[in-house]
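Chemist: What follows is a predicted structure for the sequence shown.
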Amino acid sequence: MRTYRPLGGVALLAASALLITGCSAGGSADASDDHVQGGRVSGDLNTVNTADVTPGEGEITMAIEKTINNWNTLSAAGDISETVWVTSALYPSAFFIEPDGSTITMNEDLLESAEVTSAEGEPTVVEYRINPDAVWSDGVPISVDDFVYQWQVLNRHDCSECQTHDSDGLDKVVSVEGSDGGKTVIVTYDGPFAEWKRPFGRLLPAHLGTAAGDLFTSFNGYFTSTPPTFSGGPYIITDFKKDVSVTLEPNPEWYGDAPNLQKITFVMITDTQQTPIALRNGEIQAMYPQPQVDLLTDVESMAELGVNYQLNQSLVMEAIQFNLSNSFLADKAVRQAVFTALDQQEIIDKTVGQFDESVEPLGSVMIMQQQEGYENKTEEHGFGKGDTDAAIGILEDAGYSIVDGQLMLPDGSAAPALRTVYSVGNKVREASLDVLAAAVKPLGITLNLETTDALGDSTGEKSPYGYDIIIVGYTGSPFLGSNAFKRFTTDTGYNLHYSSPEVDSLVDQALAAPTQSEVIDLINQADDIVIEDVFMMPIYQKPSIFAYDSKYGNLRDNPTISGPTYNVADWGVIAE
């Protein structure tokens, strides 16, 4: 089996399904014991549905639920799950995260080795040895130049205007140097850096960036505006129809084992209710939709057609986020009152709990329930229990009053209605916000619900988007410090509003901590502050539904930031 599985993106993950276009699908005696035909599949998350496949045969069509308006997955607006899935076979990464959510594996196609060469307690120094045969699709070697380019556009110094969400820890790097003709890369940090496997995911070709202009022009322009004509992975884009589809075919300059499928097409279906219909009608052969109330029932009913599926707990947190640039919401008491009035369990009962009874209220924004160190902090603070009287008390103590069903500010003016945004066609999120709107109505607060078909632009507040309150999905990671850094520290791309010097300090300490237990302790301290401040309200972790035609092998759910296409080169039609 090849080992190319690039590191996927943060942000906004869904669940998935694959369809059969015929009435039944062929199996294989060589498939693993986990491989079944039609129905639920269980087993080791990292190996489930492993099978011998026929090389160089077959194609598949997979639906994605967002259009692609920005192709630069390192940028603030481009770091969207669907974009990462489409480009995962183009942009090579040093490491990837396995489906179990904790195993971090080196990309052996790109790298021969990657190891820390510095002594414990000293500034971290990492040596990468790039595969001598690794090249971009135009034949230019993948080299130290590409590592340097990523460092410069993400370190917040060399290109402060580069529109990024996440530095990936590269703001802590003091130098990136090369030798052996650029095939050995030495990266030196400004101090100990525990999560050194995090950086250098989704590399971009530096030589094409240089040809396009300076760092700002290439990053915010060339790599952003048009579909890539290049690839450093097993596939390359051969066709793109805006807002309709993207087609990938094998990269003729790929330096690893040849990918199995000859064509992968991603079609864009932004109305989530239409995706299962397209699945059943055979218009698509794969999908990874947001979990909907009737979705599991729909997938189970396709078992007689030979559809396999997995149902897992993902690392994706469904959360409600406040725009603290709104002067009303900038008052901590208002946010605390809202989360005190909201009943997390009611949202679950009216949405995903109807098809997955195992879903429980989430009590953390930094550590997920299946991860070591998880603590339910919302419960500790009395949030998420639907306590209307306590919520009113919080507001009254802060000088607010309720007059004829309208919340009045301490200065006597009426509280503004709040623009509350969710993804178009997403009935689960619509239902969640209906619960929120009903919960805050007794507080005299009005929510005006609106939809968006570009969630990345909405969270980035680009006109005509924006929000006062928004419901989103954010993905957890085994890199607890790095994930907390980009979400909650001051002036990072994902965090446009919240600032706490204490949180900044705790997260910085976690990134330099020598042991995982120390990382967990520091992150839990930071987590407690963010929960108390209620910048973001965690609701639950999404169930992840991944279904696929049983004639395909090596497709498996990866409910982490790596996403379902993490091993797309391994996908194939099971050998007869």
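Modeler: Ah, there it is.
Chemist: And the helices in the stretch 201-350 of the chain?
Modeler: In the stretch 201-350 of the chain, the helices defined using DSSP state H, counting those that start in this stretch lie at 206-212, 215-217, 223-225, 274-281, 295-301, 332-341, 344-350.
Chemist: and the ones you listed, which is most packed in?
Modeler: Of all these, helix 332-341 carries the top mean neighbour count, a mean of 23, counting by mean count of other C-beta atoms under 10 Å. (Each C-beta comes from the backbone N, C-alpha and C, glycine too.)
Chemist: State the mean pLDDT of it.
Modeler: For helix 332-341, mean pLDDT rounds to 98.
Chemist: Show me the strands in the stretch 51-200 of the chain, by range?
Modeler: 59-64, 95-97, 104-106, 111-116, 125-130, 173-179, 184-189 (DSSP state E, counting those that start in this stretch).
Chemist: Pull out the buried positions in the first one.
Modeler: Judged by neighbour count (16 or more other C-beta atoms under 10 Å), strand 59-64 contains these buried residues: Ile60, Thr61, Met62, Ala63, Ile64.
Chemist: most residues in a single helix of this structure, which one?
Modeler: What stands out as the longest helix in the chain, according to DSSP state H, is helix 516-533.
Chemist: hey, C-alpha coordinates of stretch 164-174 in CSV?
Modeler: Output of stretch 164-174 as CSV, limited to C-alpha atoms (Å, rounded to 0.1, in the frame of the first residue of the first chain):
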residue,chain,number,x,y,z
THR,A,164,-4.0,33.4,6.8
HIS,A,165,-5.9,31.6,9.5
ASP,A,166,-3.1,29.7,11.0
SER,A,167,0.7,30.0,11.4
ASP,A,168,1.0,26.3,12.0
GLY,A,169,3.7,27.1,14.5
LEU,A,170,5.9,28.7,11.8
ASP,A,171,5.8,32.0,13.6
LYS,A,172,8.2,30.3,16.1
VAL,A,173,10.7,29.3,13.4
VAL,A,174,13.8,31.4,13.2
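Chemist: Can you read off the pLDDT for Ser314?
Modeler: Ser314 carries a pLDDT value of 89.
Chemist: nope, Ala11 is what I meant
Modeler: 32.
Chemist: Ok, the one 10 residues further on next?
Modeler: Residue-level confidence at Thr21 comes out at 30, pLDDT.
Chemist: The longest helix of the chain: what's the following helix or strand?
Modeler: strand 536-549 (DSSP states H and E).
Chemist: Report the distance from that next one to the chain centre.
Modeler: Distance, stretch centre to chain centre, for strand 536-549: 11 Å (C-alpha atoms, centre = their mean, to the nearest Å).
Chemist: the inter-axis angle of that strand versus strand 59-64?
Modeler: Here strand 536-549 points in a direction 160 degrees away from that of strand 59-64 (axes from the mean of the first three to the mean of the last three C-alpha atoms, to 10 degrees).
Chemist: Gln150 reaches Pro205, doesn't it?
Modeler: No. Using C-beta atoms under 8 Å, Gln150 is not in contact with Pro205; the gap is 10.6 Å.
Chemist: Distance of Ile277 relative to Gln292?
Modeler: 12 Å (C-beta to C-beta, to the nearest Å).
Chemist: any shared contact partners between these two?
Modeler: The overlap between the contact sets of Ile277 and Gln292 (C-beta atoms under 8 Å, 6 or more residues apart in numbering) is empty.
Chemist: Leaving aside the residues adjacent along the chain, what's closest to Leu555?
Modeler: Among residues not flanking Leu555 along the chain, Tyr548 sits closest, at 4.5 Å (C-beta to C-beta, 6 or more residues apart in numbering).
Chemist: Give me the pLDDT value at that neighbour.
Modeler: At Tyr548, pLDDT is 84.
Chemist: Dig out what it forms beta bridges with.
Modeler: Applying DSSP bridges to Tyr548 gives these bridge partners: Asn308.
Chemist: Equivalent analysis for Ala319, please.
Modeler: Val472, Pro538.
Chemist: what number of residues lie near it?
Modeler: 19 (other C-beta atoms under 10 Å).
Chemist: Also the one 4 residues further on?
Modeler: Using other C-beta under 10 Å, Asn323 is surrounded by 20 other residues.
Chemist: got it, and Pro291?
Modeler: For Pro291, using other C-beta under 10 Å, the count is 25.
Chemist: Name all residues that make contact with it.
Modeler: So Pro291 contacts Ala14, Ala15, Val352, Phe355, Asp356, Val428, Lys542, Pro543, Ser544, Ile545 (C-beta under 8 Å, 6+ apart).
Chemist: one step back: higher neighbour count, Gln150 and Pro205?
Modeler: Higher neighbour count among Gln150 and Pro205: Pro205, with 26 against 22, using other C-beta under 10 Å.
Chemist: quick one, phi/psi of the more buried one?
Modeler: Main-chain dihedrals, Pro205, degrees, to the nearest 10: phi -70, psi 110.
Chemist: Let me see the contact set for the nearest residue to it once chain neighbours are set aside.
Modeler: Computed as C-beta to C-beta, 6+ apart, the closest residue to Pro205 that is not its neighbour in sequence is Trp136, at 4.9 Å. Each residue near Trp136 by C-beta under 8 Å, 6+ apart is listed here: Ile142, Pro205, His207, Leu208, Phe230, Ser231, Gly232, Glu253.
Chemist: next one: Gln150
Modeler: Contact partners of Gln150, counting by C-beta under 8 Å, 6+ apart, are Leu74, Leu170, Pro199, Phe200, Leu203, Leu204.
Chemist: same thing with Leu324?
Modeler: Ala330, His497, Tyr498, Phe535.
Chemist: Surely the second one is in contact with Thr459?
Modeler: No. Here His497 lies out of contact with Thr459, judged by C-beta under 8 Å, at a distance of 11.0 Å.
Chemist: Of the two, which one has the most company?
Modeler: Using other C-beta under 10 Å as the criterion, His497 and Thr459 rank with Thr459 on top: 27 against 14.
Chemist: Kindly give the local confidence score, pLDDT, for the more buried one.
Modeler: Thr459 is given a pLDDT of 72.
Chemist: okay but it is in contact with Val472, surely?
Modeler: Yes. Counting by C-beta under 8 Å, Thr459 does reach Val472; the two are 6.4 Å apart.
Chemist: tell me, what's touching those two both at once?
Modeler: Common contact partners of Thr459 and Val472 (C-beta under 8 Å, 6+ apart): Gln321.
Chemist: So in terms of bridging, what pairs with Ser286?
Modeler: I think there's a mix-up here, since residue 286 is Ala and not Ser. With DSSP bridges as the rule, Ala286 is bridged to Leu18, Met62.
Chemist: mind checking how far it is from Leu111?
Modeler: 29 Å.
Chemist: out of the two, which sits in the more crowded spot?
Modeler: Taking other C-beta under 10 Å, Ala286 and Leu111 do not tie; Ala286 has more neighbours (27 against 21).
Chemist: isn't the more buried one right up against Thr61?
Modeler: Yes. With contacts counted by C-beta under 8 Å, Ala286 reaches Thr61, the gap being 6.4 Å.
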